[in-house]
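1. here is a sequence with its predicted model. Questions after.
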Amino acid sequence: MSRRVRSMVLWGNGINCEVETAHACRLAGADVVEIVHFSDLLYGDRRLDDYDLLCLPGGFLDGDDLGAAKAAANRFRYAKVKTTGERLRDQLDRFIRDGKLIFGICNGFQLMVKLGLLPALDGDYGHQTVTLTFNDSGRFEDRWVHLGVNPQSPCVFTRDCRRLYFPVRHGEGKFYCRDPRLLQELEDRGLVVLRYLDPETGLPTQKYPWNPNGSLAAVAGICDPSGRLFGMMPHPEAFNHPTNHPRWTRQAVRDDDLGIRLFRNAVEFIKNHL
Amino acid sequence: MIHRIEIGFLEDVGDAYGARIARRISEHLGFAVDRARTIDVYTVEGDISEGQAEQIARELFLDPITQEFRVNRPLARDFDWLIEVGYLPGVTDNVGRTARETIETFLERPLGGGIYTSRQYLLWGRLSREEVEQIAVRLLANTLIQRYEIRSRRQWEEGRIIPPRVPKVRGEAVDHVEEIDLEIPDSDLMRLSQERVLVLDLREMRAIQAYLRRSEVLEARQRVGLGPRITDVEIEALAQTWSEHCKHKIFNAVIRYVDETGRQRVIHSLFDTFIRGATQKVREALGHRDWCLSVFKDNAGVIRFNDEWNLVFKVETHNTPSALEPYGGALTGIVGVNRDPFGTGKGAKLIFNTDVFCFAPPDYDKPLPPRLLHPRRIFEGVREGVEHGGNKSGIPTVNGSIVFDERYAGKPLVYCGTGGLMPRTIKGEPAHEKAARAGDLIVMTGGRIGKDGIHGATFSSEELHEGSPATAVQIGDPITQKKMTDFLLKARDEGLYTAITDNGAGGLSSSVGEMAKDCGGCELHLDRAPLKYQGLRPWEILLSEAQERMTLAVPPEKEARFLELARRMGVEATVLGRFTDSGYFHVLYEGRTVAYLDMDFLHDGVPRMELEARWSPPRHEEPDFPCPEELTSLLLAMLGRLNICSKESVVRQYDHEVQGGSAVKPMVGAMEDGPGDAAVLRPLLDSTEGVVVSHGICPRYSDIDTYAMMAAAIDEALRNYLCVGGVMDRLGGLDNFCWPDPVQSEKTPDGHYKLAQLVRANQALYDITTAYGIPCISGKDSMKNDYKIGETKISIPPTVLFSLIGRIPDVRKAVTMDVKRPGDLVYVLGMTRPELGGSEYFAHYGFVGNGVPRVRPDDFLPLYRSLQDAIQDGLIASCHDCSDGGLGVALAETAFAGGYGMEVELGKVPQEGLDRDDWILFSESQGRFVITVHPEHREAFEERMAGLPAAMVGRVREDSLFLVKDRTGRLIVKSQIQKLKASWKRPLADF
């Protein structure tokens, strides 16, 4: 028994991957795909409640001026809908409580982490426990990276995926947490969804450029314990067509390689479980 | 109450930025610094208590995982030296702006003050105070826009910490308008022009003087309360409108050109004759196929892409500001050129950026003349400025290059281009057309007005000198602009305005003045303009080049909806007056007329220049070195030359994939590190139709003949375009001229020659574009690229960037330059001739030579068409342009990018008049390509090439050996491709 899948792609204040993210949602089979500006939320024209999948795309929210996505996290936390007085944060909490899906990519992942939506180990979605900080190289870089998917992960987006190849395009993507026990728990519970791999060995690596930013334990993406909230630094939506692959003129690219797969998993999950 | 919030990384957390600074200090300055850390400082002025400041720091600014903070107490400790760098009053502070917004959201009220950011650099190492000064001035702070303070550990421990500094512009509303008497002797007119940075010459000053003597002018002025004296608002508006930057006086001059035989030709406007003239001829030849929609009249050129969409493209330069403040100059350059396609027709969505830089070599070791920054610092600043401008705007940077020549030490060239996509029609009207109508409101959107960039237009119309004003430097703010463009695209699609243009050079004076031409007048109220701070005089408000602003013509019935949408989307929009048909550029301040200029005089009153140009071909020493015995090491050295080597480290710092349509990236091949020839992108994600973007630039040939330089730039752009699969219909060219001052004068004693160089480049542009059928759709010139302080004068080599935009019907047909598989056949297309004048090879030995490469369109075109068709038919496995460094470089790049070796015989290369192997390898003859073909396509391919200068010269190997045999079959180059690639990647690996 399937149902209509409604996805919202957030836009505004420096988000700049909204078009290809929406395109990916459409290719994945979402029935409703809307690009919604922050102001549409703040003026009450749109509510999170009317959607099943919230995509937080890449970009430079507020220029990343206070650190990646920090100012936008502040907005989510403190801004109120002008017509109803409701905090955006309350809509977000309800969205999560209803078991709906959130997909943060790059700047969107940074936003989720700074809001505390990830990894939210003890079900506290309002408290930041890990971070994404400046790349060890001290520079922004655009390069494709090999990713290994954790088969034990509860993440609904990466079901049946093993290896992925997507571009990273960031200056602040180094996954970091202070407490080694926290990292251990993330690993034990399968919440480390994606890791940067050395293509030669196929193993997680700390070696540049395969691990492009120096992420702890080569972490490239994590999910919450429910597997419904997922954030990753690489850009699956940038691989929406075979010709996006940097070597498509040299080798065959399969449809299954495309980043659309992650979106399709999300859509399928919503159809079957929500 | 003022609070100082300091945020730094926890001791056990790395500080990647600090580490990079430490590296730069030791690499660039050679000082013994062990490590460096940074602390961000927010000086908050407003109605908040210290407790609130603590809360703001903890909840709004801090990353609790990696950072710590202090409020009103210093965080810095244990360092050897500390440098704090902050902005001078009035300089754009983007982080400060964001911090303020976030605090106001948190407080749910205005802050009632400002936020000013600064950064502390903590250094450890045995450094002297003088060295620390050097670090501050040469690396960390630009004193044009920033202040710095230094503390030693001892000073700090003695309690000499850094107190809060509030760099606020203090001023009060100034309504003073100066009236200037122009009934003065010529010498005083000229002094006035100089003192006010008007950059008007005597004939122009006299034309204004004469205007104010006309009785009908005096009567009209009297009616609005103005006397016979010109106001400062008026003379500034005239100086801006008539500036070289805006009026292109040299390109429109009457030029008497004498060639080397003494033959004379009078040219009435280079622009009309050669550029507009060429495009007209091309369009006539195209007839009903003509794909040009709007050329040379708007902020950017517009061509047809398909039945539903148009392409828009513009390239600009931002040279002078980048010389003074590389980061701000380049950032403003890229966000500035974004507004050109955005302000074309009714507006376009921006789909790509391009950037081409010309610098002096980063290892430049000559003494630097006053006011010049070291080329390496310019390189890094410019790179970072374009990175921030492009990446934060969400526009992929898809194509570019970096050219090195010592003469760019006086002025770097920073070319920034932006392409856009617009629907063919909006609300039933052609989207590429616009016109302000009398009665429409003048509305300004985006940023506020400050003193930034005042006199930018006039200032870029002269050489860099002692008194070049610091206020001409601005810092762009990509996020304010992004918010504005997000809003305006919505407004466009709702049909809320009739015309749009950007505020760039000349500010409101230029944007409103230009739009008022449509309807014949305007009434502009300067006191209604939103200001960043008080203290601007009316003329400054009019001329300010503060960034991130567009001016629109909004019909009165759309005003309410327009302003409401702006407010919702967090964009400032202000009505400043209305467009009229009065025939006057009418400017008021608090109801009082401060400028009243006849529209015709304002736009057409500038007297035409009359200039002399005399061409005599230079003779350079012919090289006399013999063909080297050892060509392998020579090839390695050539691959490592700055103009040939890999630019990957820079390319990767630009997002070239955002918007999701990237199809041929800047770096291609087996390891994704080969040099792509041109960009291919898919702007409509549900379609496979593609846009192709390429360019050519060949300034070295200008030392011999600018005709050859221009021709080669066009040919190179076209070759690059063809290499990836671009097709030769629906393409458009952009010419961007950067010249040293070509007007004969005391400071330019060789002006006649430099102007002749300009004439010859224009002749080439006409000849080559008409032969190839490439319409030029837009362009720009920057004519004063000199540096002069004291006796030192540095002039750039005449440089033209030729950019191409066009189409590939299906991106799946695109081809990349890397060899694809062993056994593939290697071909050279095009004739190799003894054309090494101005080549990289001669430059390697310190020679210029004379035999400059020539473009022969009649010979080349049949080959180009055949190649184009062969690519469309899928017969080509790889295709690479042959340019700097000739065949040797192109073959090596083709091989190592694909990860396979190659063997080649020079005797098989199509050639004429060559008797040296080194010349065959490194000649820069135009019209050539290196391609590879799968053996199964050999027959079909050779059939296509029958009768053309194309020959199979070798094959792709299984292993990684790169082998070249001379004409007798002797092995003259033998190397592993990994070694060739390493040599090519090394020089700029760390930028």
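-> Yep, that arrived. Just so we're clear, the structure is a prediction, and the values are computed from it rather than from any experiment.

2. ok, now which ones touch the residue lying closest to B:P623 once chain neighbours are set aside?
-> In space, B:P623 comes closest to B:F847 once its chain neighbours are excluded; the distance is 4.1 Å by Cβ to Cβ, 6 or more residues apart in numbering or on different chains. Heads up, the C-betas are built off the backbone N, CA and C, glycines and all. By Cβ atoms under 8 Å, 6 or more residues apart in numbering or on different chains, the contact list for B:F847 reads B:H620, B:E621, B:E622, B:P623.

3. which among those count as buried?
-> With neighbours counted by 16 or more other Cβ atoms under 10 Å in any protein chain shown, the contacts of B:F847 contain buried members at B:P623.

4. quick revisit: distance-wise, check the residue nearest to B:P623 relative to chain A.
-> Going from B:F847 to chain A by Cβ to the nearest Cβ, to the nearest Å gives 38 Å.

5. picking up where we left off before, ok, so of the contacts of B:F847, who is nearest chain A?
-> Comparing these against chain A with Cβ to the nearest Cβ places B:P623 closest, at 39.2 Å.

6. surely that closest one is in contact with B:F842?
-> Yes: the pair B:P623 / B:F842 is scored as a contact, 5.8 Å apart, by Cβ atoms under 8 Å.

7. what's the overlap in contacts for these two?
-> In terms of Cβ under 8 Å, 6+ apart, B:P623 and B:F842 are both contacted by the residues B:L836, B:G849.

8. the residue lying closest to B:I808 once chain neighbours are set aside: how many residues sit nearby?
-> The shortest distance from B:I808 to any residue other than its chain neighbours is 4.2 Å, reached at B:G690 (Cβ to Cβ, 6+ apart). The number of residues packed around B:G690, counting by other Cβ atoms under 10 Å in any protein chain shown, is 28.

9. tell me the contacts of B:G690?
-> Neighbours of B:G690 in contact, by Cβ under 8 Å, 6+ apart: B:A663, B:V680, B:L681, B:R682, B:R807, B:I808, B:P809, B:D810, B:V811, B:A814.

10. surely the fifth one and B:V691 touch.
-> Just to be clear, that refers to B:R807. Yes: contact status for B:R807 versus B:V691: in contact at 6.5 Å, counting by Cβ under 8 Å.

11. against chain A, how distant is the nearest residue to B:L639 once chain neighbours are set aside?
-> Nearest non-adjacent residue to B:L639, counting by Cβ to Cβ, 6+ apart: B:W984, 4.1 Å away. To chain A, B:W984 is 18 Å away according to Cβ to the nearest Cβ.

12. equivalent analysis for B:Y121, please.
-> B:Y121 sits 14 Å away from chain A, taking Cβ to the nearest Cβ as the criterion.

13. likewise for B:Q209?
-> When Cβ to the nearest Cβ is the yardstick, B:Q209 and chain A sit 48 Å from each other.

14. please state the backbone phi and psi of that residue?
-> phi -60, psi -50 (degrees, to the nearest 10).

15. residues touching it, list them.
-> Neighbours of B:Q209 in contact, by Cβ under 8 Å, 6+ apart: B:L182, B:E183, B:L189.

16. B:R807 and B:V691: who's more crowded?
-> More crowded of B:R807 and B:V691, by other Cβ under 10 Å: B:V691, with 27 against 22.

17. ok, that one - contacts?
-> Here B:V691 is in contact with B:305, B:311, B:351-352, B:419, B:680-683, B:805-808 (Cβ under 8 Å, 6+ apart).

18. any idea of the pLDDT on residue 14?
-> I went with chain A, as the question did not name one. pLDDT recorded at A:G14 is 93.

19. should've been chain B
-> 86.

20. ok, now B:E462?
-> We have a pLDDT of 62 for B:E462.

21. wait, a helix at the residue nearest to B:P623?
-> No: under DSSP: H, G, I helix; E, B strand; the rest coil, B:F847 sits outside any helix and is assigned coil.

22. returning to that earlier point: which one of the contacts of B:F847 is nearest B:E791?
-> Nearest to B:E791 among the contacts of B:F847: B:H620, at 25.3 Å, using Cβ to Cβ.

23. just give me the neighbour total for the residue in the stretch 351-500 of chain B positioned nearest to chain A.
-> Nearest residue of the stretch 351-500 of chain B to chain A (Cβ to the nearest Cβ) works out as B:G394 at 2.3 Å. Using other Cβ under 10 Å, B:G394 has 24 neighbouring residues.

24. now it, nearest residue through space, not along the chain?
-> The spatial neighbour of B:G394 that comes closest, neighbours along the chain excluded (Cβ to Cβ, 6+ apart), is A:N16 at 2.3 Å.

25. tell me the secondary structure for the spatially closest residue to B:W242 that is not a sequence neighbour?
-> Once flanking residues are discounted, B:W242 sits nearest to B:V606: 4.3 Å by Cβ to Cβ, 6+ apart. Here B:V606 is coil, with the state taken from three-state DSSP.

26. what pLDDT is listed against B:V606?
-> 91.

27. would you double-check that B:V953 falls in a strand?
-> Yes: with three-state DSSP as the criterion, B:V953 is part of a strand.

28. residue contacts, it?
-> For B:V953, the contacting residues are B:V826, B:Y827, B:V828, B:V904, B:E905, B:L906, B:K908, B:V909, by Cβ under 8 Å, 6+ apart.

29. quick one, which of the residues you listed are buried?
-> Neighbour-count burial within the contacts of B:V953 applies to B:V826, B:Y827, B:V828, B:V904, B:E905, B:L906, B:K908, B:V909; the criterion is 16+ other Cβ under 10 Å.

30. want to throw these into CSV with distance to B:I768?
-> Below are the buried ones among the contacts of B:V953 laid out as CSV (distance: Cβ to Cβ, whole Å):
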residue, distance to B:I768
B:V826, 29
B:Y827, 25
B:V828, 22
B:V904, 30
B:E905, 32
B:L906, 29
B:K908, 29
B:V909, 25
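
31. which of those sit farthest apart?
-> Spatially, the most separated pair among these is B:Y827 and B:L906, at 13.9 Å (Cβ to Cβ).

32. check the burial of B:D47 by counting its neighbours.
-> 12.

33. can you give me the strands in the stretch 101-250 of chain A?
-> For the stretch 101-250 of chain A, the strands defined by DSSP state E, counting those that start in this stretch occupy A:101-105, A:131-133, A:141-149, A:163-170, A:174-176, A:192-198, A:203-204, A:219-223, A:229-232.

34. the inter-axis angle of the fourth one versus strand A:141-149?
-> Note on geometry: by axes from the mean of the first three to the mean of the last three Cα atoms, to 10 degrees, strand A:163-170 and strand A:141-149 are set 150 degrees apart in direction.

35. flag every buried residue along strand A:163-170.
-> Those would be A:L164, A:Y165, A:F166, A:P167, A:V168, A:R169, A:H170, for strand A:163-170 by 16+ other Cβ under 10 Å.

36. surely the second one meets A:W144?
-> Going back to what we said before, that points to A:Y165. Yes: A:Y165 is within contact range of A:W144, at 5.9 Å (criterion: Cβ under 8 Å).

37. so which of the buried residues of strand A:163-170 reach chain B?
-> Checked against chain B using Cβ under 8 Å from any Cβ of the partner chain, the buried residues of strand A:163-170 yield the following neighbours: A:P167, A:R169.

38. mind putting the buried residues of strand A:163-170 into JSON lines with pLDDT and distance to B:G51?
-> Output for the buried residues of strand A:163-170, formatted as JSON lines (pLDDT from 0 to 100; distance: Cβ to Cβ, whole Å):
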{"residue": "A:L164", "pLDDT": "98", "distance to B:G51": "48"}
{"residue": "A:Y165", "pLDDT": "98", "distance to B:G51": "50"}
{"residue": "A:F166", "pLDDT": "98", "distance to B:G51": "45"}
{"residue": "A:P167", "pLDDT": "98", "distance to B:G51": "45"}
{"residue": "A:V168", "pLDDT": "98", "distance to B:G51": "40"}
{"residue": "A:R169", "pLDDT": "97", "distance to B:G51": "40"}
{"residue": "A:H170", "pLDDT": "97", "distance to B:G51": "35"}
